[in-house]
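Colleague: Here is a sequence together with a model predicted from it:
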Amino acid sequence: MLTEEEKKEIEAELKEYEQKNAVCIEAMKIVQRHRGWLSDEAIRDISEFLGMTPEELDSVATFYSLIFRKPVGKHVILVCDSVSCWVMGYDKILQHLKTRLAIELGETSAEGKFTLLPVACIGACDEAPAIIIDNKVYGNLDESKIDDILAQYK
Amino acid sequence: MEQPLTKNIRPGAEPLSLKEYERAGGYRAVRKALTSMAPQEIVKLVEESTLRGRGGAGFPTGLKWSMMSKVDDTSRPRYLIANTDEMEPGTFKDRLLLEGDPHQLLEGILIGAFAVQADIAYIFIRVEYSLPFERLKKAITEAYNNNYLGKNIFGSGYDLELRLHVSAGRYICGEETALLNSLEGKRPIPRAKPPYATTVGLWGKPTLINNAETFCSIPHIINNGADWFKRLSRSEGDGGTKIYGVSGKVKKPGFWELPMGTTLREIIEEHAGGMQEGFRLRGVIPGGASTDFLVEEHLNMKMDFESLQKAGSRMGTGTMIVLDDKTCPVGMVLNLEQFFARESCGWCTPCREGLPWIEKILRDIENGHGNPEDIDMLQEQTWLLGPGHTFCALAPGAMEPLESALRYFREDFEQHIREKRCPWR
């Protein structure tokens, strides 16, 4: 069941679109904000509310890289692996993050603190290599900068 | 040198508020357009300005707008979409415009919407652009509060509703028909063309889709005229200024608003400061991942749609990525094809099956497991996945850097295969 708060937030989006199912992306992001990720149950809840079948909604959910169908950590680190960042030292940055967090891409660190995911070009090519943590972009990275940044996240 | 698009942008500072933007001459063009010009007159002016779409394809903007005016006017609502799903690797120009001067985009959208008599406008923005989103949202609220959006704008009797749609990641959403499906809440695979969006677009209604940078040029054309706009450019038939960018191992990576048709050499050597110490330029991808490599001999070419087409490449988004002599060209192409393979929507077979296969062959070559016949096989793929063989332009775009790399850096591919290793490692 969607919570009252989730329902209210989704309903507020309805006026932005001509058809109800067009709200589905926003609805999934709303529920994801509340629950961290979208379980099968969450997909059922949202699809019921929007008058879609769960399969139809899941075909949309699984298409997008930032709709999470598996649990993620408290903070999501998106590592830009596109060409400008690659030229400027993506490999080193990724290796350092993997070593520091003791995880591979797609995994979550101990105590569920960080999830490490790849992301396509984030438009920070002039500050490559770059990553995003939650909503914040960090550019011109090197190993020691990454250590300082990670220390800021509790 | 005039820099109309970026004159209000102050790096590192908050963008102009509505009042500040107006004091700087903003919202003058839209007042003029809505209260003293006929929609057809605006379309004609934009046609005369020779503005071409800044999203990458360079389609003449005025022509696209005129296609909207030919559509049955009773088919309502009519839509306008500003495509700011900027995800082309190496591209960061729309982010600058959204973050730096959101009211300029709103003004351009308003004029465009009035010119094609749209009822509802959407700004389609990628979810990773948090700061641009916040700033746009604030600007839209300001515009509504001042009745610059909504009903009877500037007392003209024209109504426009503007909505901000935030996507959830995936490169294909920038393809305009995939964008339409995405906005409708469907799985965003591209649609067959024709019909084009101007006839059958969002929810089947006539829809104008332009890139953010395109809309940002519009207020200046209204204020200063088509001839002025053409004179900004150093190229014939390709008016205005362009936001160019450079990334890679140059001294000063960044972006600059320059006359359309500025040469690659001037952009790289003067504005980006040339190569970093100890690095030599080997190649340039001129306009995002899906454009062909150019090399040293092309540096005196003008960065405009026609010149680069003649050189066998495309201007694309105008934001270049430089390949230096200490970076492996095979590795770079592998990185690009890995991106395209991952971002393929999976709808048509050549793209879904072909791109991962190409990625695998390239990875084998890069890791020293390549075979001499691999090069011919890759060459054949560039034809199989080329124009006309796939449902949309994603795979043909992916073939551009591959095909040109095989042409200009063939010896590097052969060396990997011969020596069974990557010489750069």
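Modeller: That came through fine. Numbers count the residues shown, from 1 in each chain, chains lettered A, B, ... in the order given.
Colleague: got the residues of the stretch 101-250 of chain B near chain A?
Modeller: Those residues of the stretch 101-250 of chain B that sit near chain A, judged by CB under 8 Å from any CB of the partner chain, are B:127-131, B:163, B:165-171, B:182-188, B:203, B:245, B:247-249. Bear in mind the C-beta positions are built from the backbone N, C-alpha and C, glycine included.
Colleague: try it again with 7 Å
Modeller: Contact residues (CB under 7 Å from any CB of the partner chain) of the stretch 101-250 of chain B with chain A: B:127-130, B:163, B:168-171, B:183-188, B:203, B:245, B:247-249.
Colleague: Please, a ChimeraX command that selects the buried ones among the residues you listed?
Modeller: If you want just the buried ones from these in ChimeraX, going by 16 or more other CB atoms under 10 Å in any protein chain shown, the selection is:
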select /B:127,128,129,130,163,168,169,170,171,183,184,185,186,187,188,245,247,248,249
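Colleague: Out of the residues of the stretch 101-250 of chain B next to chain A, list just those in helices.
Modeller: B:130, B:183 (DSSP state H).
Colleague: now, which of the residues of the stretch 101-250 of chain B next to chain A lie within strands?
Modeller: B:163, B:245, B:247 (DSSP state E).
Colleague: Which pLDDT does the model give the last one?
Modeller: Going back to what we said before, that points to B:Ser247. pLDDT for B:Ser247: 97.
Colleague: That one contacts A:Gly123, doesn't it?
Modeller: No: B:Ser247 is not in contact with A:Gly123 according to CB atoms under 7 Å; the separation is 10.5 Å.
Colleague: quick one: which of the ones in strands among the residues of the stretch 101-250 of chain B next to chain A is nearest to chain A?
Modeller: B:Ser247 (3.8 Å; CB to the nearest CB).
Colleague: what's across from the closest one in the sheet?
Modeller: B:Ile321 (DSSP bridges).
Colleague: wait, what's in contact with it?
Modeller: By CB atoms under 7 Å, 6 or more residues apart in numbering or on different chains, B:Ser247 lies in contact with A:84, A:125-126, A:128, B:90, B:253, B:321.
Colleague: Same list (the residues you listed) but as a markdown table, adding secondary structure.
Modeller: A markdown table is the format used below for the contacts of B:Ser247 (DSSP: H, G, I helix; E, B strand; the rest coil):
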| residue | secondary structure |
| --- | --- |
| A:Ser84 | helix |
| A:Cys125 | helix |
| A:Asp126 | helix |
| A:Ala128 | coil |
| B:Gly90 | coil |
| B:Pro253 | coil |
| B:Ile321 | strand |
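Colleague: Just the buried residues out of the residues you listed, in ChimeraX syntax.
Modeller: Of the contacts of B:Ser247, the buried ones go into a single ChimeraX selection, burial set by 16+ other CB under 10 Å:
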select /A:84,125,126,128 /B:90,253,321
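Colleague: Residue 113: what's it in contact with?
Modeller: Here I'm looking at chain A. A:73-75.
Colleague: switch to chain B, that's the one I care about
Modeller: Applying CB under 7 Å, 6+ apart to B:Ala113 gives the contacts B:80, B:121, B:160.
Colleague: sec struct for the residue nearest the centre of chain B, please.
Modeller: In chain B, the residue lying closest to the centroid (CA atoms, centre = their mean) is B:Gly55, at 2.7 Å. Following three-state DSSP, B:Gly55 is assigned to coil.
Colleague: longest helix of chain B?
Modeller: helix B:349-366.
Colleague: which SSE is B:Ser398 in?
Modeller: Ser isn't right for residue B:398; it's Ala. Assigning secondary structure by DSSP states H and E places B:Ala398 in helix B:394-408.
Colleague: can you list contacts of that helix?
Modeller: B:172, B:175, B:283, B:285, B:289-293, B:295, B:329, B:333, B:336-337, B:340, B:344, B:350-351, B:354-355, B:358, B:375, B:378-379, B:382, B:385-387, B:390, B:413.
Colleague: what helix or strand is the nearest residue to B:Gln415 once chain neighbours are set aside on?
Modeller: Computed as CB to CB, 6 or more residues apart in numbering or on different chains, the closest residue to B:Gln415 that is not its neighbour in sequence is B:Pro423, at 5.8 Å. Under the criterion DSSP H and E, no helix or strand holds B:Pro423.
Colleague: Correct me if wrong: B:Pro423 contacts B:Glu414.
Modeller: No: if you go by CB under 7 Å, B:Pro423 and B:Glu414 don't touch, sitting 11.0 Å apart.
Colleague: On the three-state scheme, the spatially most central residue of chain A is what?
Modeller: The centroid of chain A falls nearest to A:Leu66 when counting by CA atoms, centre = their mean (4.1 Å). Three-state call for A:Leu66 (three-state DSSP): coil.
Colleague: sorry, back to before: the more surrounded of B:Pro423 and B:Glu414?
Modeller: B:Glu414 (14 against 11; other CB atoms under 10 Å in any protein chain shown).
Colleague: and the residue nearest to B:Arg52 when sequence neighbours are not counted, what does it touch?
Modeller: Residue nearest to B:Arg52 in three dimensions, not counting chain neighbours: B:Gly58, with 4.4 Å by CB to CB, 6+ apart. Listed by CB under 7 Å, 6+ apart, the contact partners of B:Gly58 are B:52, B:305, B:315.
Colleague: where does chain A come near chain B, residue by residue?
Modeller: So chain A meets chain B at A:16, A:18-19, A:21-25, A:29, A:59-60, A:63-67, A:82-84, A:86-87, A:119-126, A:128, A:132, A:135 (CB under 7 Å from any CB).
Colleague: No more questions from me, cheers.
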